[in-house]
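> sequence unknown, structure follows:
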């Protein structure tokens, strides 16, 4: 595969399968915001949809490992024991309400942004209540872990962590398709924050804290210490917000002795034209035909070993500066640059264009927003740690 350093698009025929798909392109644009330490957050605009009650189906694959709010807390350099105990309360309330684990990550990331997991008071709290608190917030009428305003309840209620967590979940599960939508969008629908992009930077650490508190909840279900369900199977979205792009086992691996410049892995899809899913929510950076070694852009015909190029391919930028790449599609991708895609959304179909010996998906993961080979990492452990193993096992 080529180094892929050019982003220019190329003309090409469109097949019937694409009719109507691109009409919705560019409906929502995501702007990358570089943050401290090289992290990235997204400005996400509101997505259309009516409010409705109910929680997402699929509880059979959600964690059954109970969270303790009184036992020893895991250690994280970012937070102290009291803050992690508040995190445990948030997760336990979610468990008690039978909210899928993805919701725990969203709630936790929201509280991390709003209060740094501290039960914050303010000058409006009367001394007569003698409520325990862990600091004073900057907003004159917002209280508690989620910095909820008077409409959420009384002062005493908003200073009770379990109450505030329950109120957050009750509103969160009414957000349409909340499990598949970007964390920032869901949190913003609940909180109506003045800084809606800020939640995204907490997603990865929130997933790790949920993992530590609930025995791998952000990855897979564990019962009696044994993983019994792959959260990303059947294109389900793991609590971490990731899913496997296609079902199938990994064939050619990452930078093997035989292929040291193979900067991803090849996944043997069940059949040609298998749907390829976005591994996580993000913004499409590139969707085009990659030229072969001779500079030709003939991706509408099957390729062959040694031809060079990725064929029809897509690059997606995700929160945290991660980039995923999907190569050798059968036809022009079903997405366009600048388009926001949700985790699990179909972005193309498996084929054999470019440097390919047969239908499969070449899948790459890059860090630090670096699309070159320097940014490539092994996708297998990366996806396994996010509950979306590429081979369907844990």
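Looks like it came in fine. Since this is a predicted model, take the numbers as computed values, not measurements.

> Once you drop chain neighbours, what's closest to residue 97?
Nearest residue to residue 97 in three dimensions, chain neighbours excluded: residue 169, at 5.5 Å (Cβ to Cβ, 6 or more residues apart in numbering). Quick note: C-beta positions are derived from backbone N, CA and C, even for glycine.

> contacting residues for that neighbour?
Counting by Cβ atoms under 8 Å, 6 or more residues apart in numbering, residue 169 makes contact with 93, 94, 97, 99, 103, 107.

> how many neighbours does residue 242 have?
Using other Cβ atoms under 10 Å, residue 242 has 28 other residues around it.

> Same question for residue 90.
Counted with other Cβ under 10 Å, residues neighbouring residue 90 total 31.

> Assumed it was part of a helix.
Yes. Applying DSSP: H, G, I helix; E, B strand; the rest coil, one finds residue 90 inside a helix.

> start the count at 45, not 1, going forward
Renumbered: residue one is now 45, and that last one reads residue 134.

> any idea where the strands of the stretch 245-394 of the chain begin and end?
264-267, 270-274, 309-311, 319-321, 326-334, 355-362, 367-373, 384-385, 390-393 (DSSP state E, counting those that start in this stretch).

> Show me which of the contacts of residue 213 are buried.
Among those, those classed as buried by 16 or more other Cβ atoms under 10 Å are 137, 138, 143, 147, 151.

> before we move on, the earlier item: turn the strands of the stretch 245-394 of the chain into CSV, columns for distance to residue 209.
Below are those laid out as CSV (distance: least, Cβ to Cβ, whole Å):
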stretch, distance to residue 209
strand 264-267, 22
strand 270-274, 25
strand 309-311, 38
strand 319-321, 31
strand 326-334, 28
strand 355-362, 27
strand 367-373, 32
strand 384-385, 29
strand 390-393, 34
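
> and stretch 391-403, how far apart are its ends?
Taking Cα to Cα, to the nearest Å, stretch 391-403 runs 16 Å from one end to the other.

> in it, what's buried?
Quick answer for stretch 391-403 (16+ other Cβ under 10 Å): 391, 392, 393, 394, 395, 396, 397, 398, 399, 400, 403.

> ok, the nearest residue to the last one once chain neighbours are set aside - contacts?
Closest residue to residue 403 apart from its sequence neighbours, by Cβ to Cβ, 6+ apart: residue 316 at 4.3 Å. Residues in contact with residue 316 (Cβ under 8 Å, 6+ apart) are 374, 393, 394, 395, 396, 403.

> Out of those residues, which is nearest to residue 186?
Minimum distance to residue 186 across the contacts of residue 316 is 47.8 Å, recorded for residue 393 (Cβ to Cβ).

> which residues touch the closest one?
Applying Cβ under 8 Å, 6+ apart to residue 393 gives the contacts 61, 316, 317, 318, 319, 320, 373, 374, 375, 378.

> Show me the contact partners of stretch 152-162.
Residues from elsewhere that reach stretch 152-162 (Cβ under 8 Å, 6+ apart): 123, 126-128, 130-131, 134-135, 178-179, 181, 188-191, 209, 212, 227, 231, 234-235, 237, 242-247, 249-250, 253-254.

> now the contacts of residue 213 as TSV including secondary structure and pLDDT?
As requested, the contacts of residue 213 are arranged in TSV below (DSSP: H, G, I helix; E, B strand; the rest coil; pLDDT from 0 to 100):
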residue	secondary structure	pLDDT
137	helix	96
138	helix	94
141	coil	94
143	coil	90
147	helix	92
151	helix	96
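
> What is the nearest of the residues you listed to residue 339?
Closest approach to residue 339 among those (Cβ to Cβ): residue 147, at 49.0 Å.

> Distance of the closest one relative to residue 217?
Per Cβ to Cβ, to the nearest Å, residue 147 is found 7 Å from residue 217.

> One more: residue 294?
According to Cβ to Cβ, residue 294 stands 35 Å off from residue 217.

> try residue 226
16 Å.

> can you check residue 403 too?
Distance of residue 403 to residue 217, given as Cβ to Cβ: 39 Å.

> One more: residue 132?
Distance, residue 132 to residue 217, by Cβ to Cβ: 20 Å.

> Okay, strands next: where are they in the stretch 95-244 of the chain?
Here the stretch 95-244 of the chain has no strands by DSSP E, counting those that start in this stretch.
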